[in-house]
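> generate a structure from the sequence data that follows.
(chains A and B)
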2 protein chains.
Amino acid sequence: MSKLVTKITDRDLDFPKWYTDVVKEADLVSYSNVKGSMIIRPYGYAIWENIVSILDKEFKRTGHQNVQMPMFIPESLLNVEKEHVKGFAPEVAWVTHGGENKLEERMCVRPTSETLFCEHFKDIIKSYRDLPILYNQWCTIVRWEKTTRPFLRSREILWQEGHTMHRTQKEAEEETLKMLKIYEDFQRNILAIPVIVGRKTEKEKFSGAEKTYTLEAMMYDGVALQNGTSHYFGTHFAKAFQISYLDEENKLLTPYQTSWGVSTRMLGSIIMTHGDNHGLVLPPNIAPIKIIIIPIKNTEEVQKITKELKEELNSYTVSIDDRDKSPGFKFADAEVKGIPIRIEIGPRDLEKNVVTLVRRDTLEKIETNIENVLEKVTELLKEIQQNMYDKALKRRDSMIYQAKTKDEFQKIAKEKSGFILIDWCGNTECEEQIKEETGLKSRCIKEDVNIGTCAYCNKPAKHKIYFGRQY
Amino acid sequence: MSKLVTKITDRDLDFPKWYTDVVKEADLVSYSNVKGSMIIRPYGYAIWENIVSILDKEFKRTGHQNVQMPMFIPESLLNVEKEHVKGFAPEVAWVTHGGENKLEERMCVRPTSETLFCEHFKDIIKSYRDLPILYNQWCTIVRWEKTTRPFLRSREILWQEGHTMHRTQKEAEEETLKMLKIYEDFQRNILAIPVIVGRKTEKEKFSGAEKTYTLEAMMYDGVALQNGTSHYFGTHFAKAFQISYLDEENKLLTPYQTSWGVSTRMLGSIIMTHGDNHGLVLPPNIAPIKIIIIPIKNTEEVQKITKELKEELNSYTVSIDDRDKSPGFKFADAEVKGIPIRIEIGPRDLEKNVVTLVRRDTLEKIETNIENVLEKVTELLKEIQQNMYDKALKRRDSMIYQAKTKDEFQKIAKEKSGFILIDWCGNTECEEQIKEETGLKSRCIKEDVNIGTCAYCNKPAKHKIYFGRQY
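Next up is the predicted model:
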């Protein structure tokens, strides 16, 4: 086993340490001397760029426009919506001085931009003709977390935040669900991550929202990662900010609002859903390099075929590892970086007119006739993408448990990792008790029910709901 | 004249007011309640997105990789390079609190990221094999300006900053000039803006740089706007940050460094180079909408041809203005937004099998056979792009004056707008005296000379140099 690989802790022995090792050895992130902030290195940033590029096209296809709001929020503006400020004020970074001068009013670096968008909406919405407004913003937000982990809990987060305004409740609710669906499809088809999609409880919803929908992924260790949220605000913010418009009959009405976002957290989700003891495993549809060609010996024939193959495979992103290192080092490096397919070309292979393809998801070696490489690679990339999703789905489903009683719930919570699905009463007190007694928090409501009783407190059941630990 | 157009001040009467009017009426920017920060609206942001997309491809083509550094710089880190901190400390925003807690060390929001990149370079550069490092970052920076104007002087600036490290001085100097050339070509070919490219004086160079190269554009009013800079650092920062690498013979050496950047200021430059009394005029190569089709009456025939034309012109970005507004309003709106070509389609035109094309740069109307629209539009877009550059170049050149004596210099400075080209001694005291006595600052050194005397102070001349007022 090469030096590179032995640097990675066994994921079944110490998952958090495994995660940190992969993030570092795959050159995704560097720790900076700025406490709580990370440096996203070229390979990590290239994954984020692919995410941005794919999602941005989807947002534009569905009629959204990008804008850029200020990064600072004056304290008085953050204070306008009462629930919202309660949720965010404890974790913002405060700017108090500009150069040598103390500011008259301190400002926080945006933890999210509802208040800024509302101020702007108040300014530009006059008539029903101005609606709907479908805006999105790609930016960095700041939340002053005490303990941080790359991608998962960071003081600075790269994300997008959609903010929209509509004439009717129906239209706004449809927008909330439409964007949720775009996120779900993206995560399933591009990131190969199965997500449970549902509504957050009253306790867990976004500060200021009427309804929050979430995409809950389950990591390899059974712990949940929230991969994105979509909120329906009703008129809460609009009323607090006095946003209104005139309809066809000159009647003054209040518009309905949504917001929705995903972030660099998804990179954490990719790592912890697919990674293995050799490092990162990237779904082909998001991998910055889909294929890497590794010449085993630098004979003239090998060099020639290497170049020809790269040319032939050019419709994919292909890279050649011609560094002055041993093949073993290069194999391990391609593995740790999660490149979906590596092609090994050696002089002895060429005598037989073959090359060896190695798929990253299974590490299976496939000897392939040189003439068939393009065809085989095309087929393999699709297969790897599908296999990664299927494998993640199977593992996740095998770690979802059902509990009928408090005892069962507590026994599973103690002995198993994963989610627990129960009938539940919907009361915040019950939810808090579950958290206190088991450490599990509600993930999301799967559906509403009106028969049966709460598995935990025996009151009448209102929902089927998932509970689980979370990142 | 329509209501829209009359909202724009005459640019020859009050240029600053004209600028503010255009920025607002073209929906580029909205003022926010966050003092000194602006909201970039969808139309303005779409221009920036085009800039980013084109430049990012150029950076990648030349081997650069994108990364993302923290947005905060601890005070002690900003202090490492002495010249640098002197230049930036007076204008940074200081974060002093995270949530309820006072920070042990205050941090500024990055005004530029040399110090952060240096910390990272120190961490990742070990051997000659690690060089060159060619990084770029797209991000927002903050400079706490007292008086602000949209795009020109804003507390928040969207920009890119390239940061590279090299083994030799020669390679680093070549990189500095290579990126300068990419900026120059971009501004000439895409933005249709002629720029004077040269070196900054000792007084005007970047805090911490050995050499600063600049791209100086002249606005319609004769005032300079710096459209980008490229710096050669030598080993100043590398030594201050103790960055070194081992060469082939295990000798410890210091690498050579560059940085280079352009920002949303270029949007100000586009507006003030090309705009007229009807509003914005956008070069086709950067316009988010290249062609707008305006149906004059909504007859079935007009609707049919409108749709067919849009389909035919689809390789350009085409939009149809089918809002419930008068044609006059729509014409003015297309003009204020600077859309390169508008196509008017009316029932009477269609009887003759023609449509009317109106080019934005000259407002010339061109009746065109329907069958020839695609061909004509293709030709026109090229012509408009070229004409806009030629016009801007001609105007700029007509506003460059030469002075042989102090009297001549002062007379031109008093009576004319534009640049003054002189033989100059190269002394900072002389430069400061010129600033004090005429209000003009050095723009950039055109070339070095070793004959003649300084036009201003009569000492031996060292350079031919441009002076001018600046934004």
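> would you mind listing the buried residues in stretch A:380-394?
Buried residues in stretch A:380-394, counted by 16 or more other C-beta atoms under 10 Å in any protein chain shown: A:Leu380, A:Leu381, A:Ile384, A:Gln385, A:Asn387, A:Met388, A:Tyr389, A:Lys391, A:Ala392. Every residue, glycine included, has its C-beta placed from N, CA and C.
> of those residues, which belong to strands?
Per DSSP state E, strands hold no members of the buried residues of stretch A:380-394.
> switch those residues over to a markdown table; also include pLDDT and distance to A:Asn372.
Formatted as a markdown table, the buried residues of stretch A:380-394 follow (pLDDT from 0 to 100; distance: C-beta to C-beta, whole Å):
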| residue | pLDDT | distance to A:Asn372 |
| --- | --- | --- |
| A:Leu380 | 98 | 11 |
| A:Leu381 | 98 | 14 |
| A:Ile384 | 98 | 17 |
| A:Gln385 | 98 | 20 |
| A:Asn387 | 98 | 20 |
| A:Met388 | 98 | 23 |
| A:Tyr389 | 98 | 26 |
| A:Lys391 | 98 | 26 |
| A:Ala392 | 98 | 29 |
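> of all those, which comes closest to chain B?
Using C-beta to the nearest C-beta, A:Leu381 is the member of the buried residues of stretch A:380-394 that lies nearest chain B, at 22.5 Å.
> ok, for the most centrally placed residue in chain A, nearest residue in space, not its chain neighbours?
When C-alpha atoms, centre = their mean is applied to chain A, the residue found nearest the centroid is A:Met266 (2.2 Å). Of all residues not flanking A:Met266 in the chain, A:Asn227 sits nearest, at 5.8 Å (C-beta to C-beta, 6 or more residues apart in numbering or on different chains).
> the host helix or strand of that neighbour - contacts with which helices or strands?
Using DSSP states H and E, A:Asn227 maps to strand A:224-234. On a contact count with 3 or more C-beta pairs under 8 Å, 6 or more residues apart in numbering or on different chains; DSSP states H and E, strand A:224-234 meets helix A:169-189, strand A:211-218, strand A:256-263, helix A:265-274.
> distance to B:Val336 and mean pLDDT added to the ones you listed, as a markdown table?
Listed next are these as a markdown table, based on distance: least, C-beta to C-beta, whole Å; pLDDT from 0 to 100:
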| stretch | distance to B:Val336 | mean pLDDT |
| --- | --- | --- |
| helix A:169-189 | 30 | 98 |
| strand A:211-218 | 40 | 98 |
| strand A:256-263 | 29 | 98 |
| helix A:265-274 | 40 | 98 |
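> how about those in TSV, adding distance to A:Arg359?
Listed next are the helices and strands packed on strand A:224-234 as TSV, based on distance: least, C-beta to C-beta, whole Å:
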stretch	distance to A:Arg359
helix A:169-189	19
strand A:211-218	23
strand A:256-263	28
helix A:265-274	13
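> those: which one's closest to A:Val29?
Proximity to A:Val29 (C-beta to C-beta) singles out helix A:265-274 among the helices and strands packed on strand A:224-234, at 8.8 Å.
> give me the low-pLDDT residue ranges for chain A?
A:1-6 (pLDDT under 70).
> A:Gly346 and A:Ile294: what is the separation?
9 Å (C-beta to C-beta, to the nearest Å).
> over to A:Cys444?
Distance, A:Cys444 to A:Ile294, by C-beta to C-beta: 44 Å.
> can you check A:Val373 too?
Applying C-beta to C-beta, the value for A:Val373 to A:Ile294 is 14 Å.
> overlap of the contact sets of these two?
Common neighbours of A:Val373 and A:Ile294 (criterion: C-beta atoms under 8 Å, 6 or more residues apart in numbering or on different chains): A:Ile343.
> for chain B, tell me whether stretch A:145-165 is touching it.
Yes - against chain B, stretch A:145-165 shows contacts by C-beta under 8 Å from any C-beta of the partner chain at A:Glu156, A:Leu158.
> name the residues of that stretch that come out as buried.
Residues of stretch A:145-165 classed as buried: A:145, A:148-165 (neighbour count, 16+ other C-beta under 10 Å).
> just the CA atoms of that stretch, as CSV, please.
Output of stretch A:145-165 as CSV, limited to C-alpha atoms (Å, rounded to 0.1, in the frame of the first residue of the first chain):
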residue,chain,number,x,y,z
GLU,A,145,-19.6,29.0,14.6
LYS,A,146,-17.6,28.0,17.6
THR,A,147,-16.5,24.6,16.4
THR,A,148,-15.8,24.3,12.7
ARG,A,149,-15.2,21.5,10.2
PRO,A,150,-14.4,21.9,6.5
PHE,A,151,-17.5,22.3,4.4
LEU,A,152,-19.8,21.1,7.2
ARG,A,153,-19.6,23.9,9.7
SER,A,154,-17.5,26.8,8.6
ARG,A,155,-17.5,30.5,9.5
GLU,A,156,-17.6,31.3,5.8
ILE,A,157,-19.9,29.5,3.5
LEU,A,158,-20.2,29.8,-0.3
TRP,A,159,-23.8,29.4,-1.3
GLN,A,160,-26.7,30.6,-3.4
GLU,A,161,-29.8,32.1,-2.1
GLY,A,162,-33.0,32.5,-4.1
HIS,A,163,-35.5,35.2,-3.1
THR,A,164,-38.8,35.5,-4.9
MET,A,165,-42.0,37.5,-4.6
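> buried residues, the following helix or strand past the strand holding A:Asn227. List them.
Downstream of strand A:224-234, the next assigned helix or strand under DSSP H and E is helix A:236-240. With burial defined by 16+ other C-beta under 10 Å, the residues of helix A:236-240 counted as buried are A:His236, A:Phe237, A:Ala238, A:Ala240.
> what does stretch A:299-318 give?
A:Val302, A:Ile305, A:Thr306, A:Leu309, A:Lys310, A:Leu313, A:Tyr316, A:Val318.
> ok, it near chain B or not?
No - residues of stretch A:299-318 are not located near chain B by C-beta under 8 Å from any C-beta, the shortest gap being 11.8 Å.
> and the contacts of that stretch?
Residues from elsewhere that reach stretch A:299-318 (C-beta under 8 Å, 6+ apart): A:287-293, A:295-296, A:320, A:322, A:343, A:345-347, A:350, A:355, A:370, A:373-374, A:377, A:381.
> could you dump it to CSV, C-alpha only?
Written as CSV, here are the backbone C-alpha positions of stretch A:299-318 (Å, rounded to 0.1, in the frame of the first residue of the first chain):
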residue,chain,number,x,y,z
THR,A,299,8.5,4.4,-24.0
GLU,A,300,7.8,6.2,-27.3
GLU,A,301,4.9,3.8,-28.1
VAL,A,302,3.3,4.5,-24.7
GLN,A,303,3.7,8.3,-25.1
LYS,A,304,2.2,8.1,-28.6
ILE,A,305,-0.9,6.0,-27.5
THR,A,306,-1.3,8.2,-24.4
LYS,A,307,-1.6,11.3,-26.6
GLU,A,308,-3.9,9.7,-29.1
LEU,A,309,-6.2,8.4,-26.4
LYS,A,310,-6.4,11.8,-24.7
GLU,A,311,-7.4,13.3,-28.1
GLU,A,312,-10.0,10.6,-28.7
LEU,A,313,-11.5,11.0,-25.2
ASN,A,314,-11.5,14.8,-25.4
SER,A,315,-15.3,15.2,-25.0
TYR,A,316,-14.7,14.2,-21.4
THR,A,317,-12.3,16.0,-19.1
VAL,A,318,-9.2,13.9,-19.4
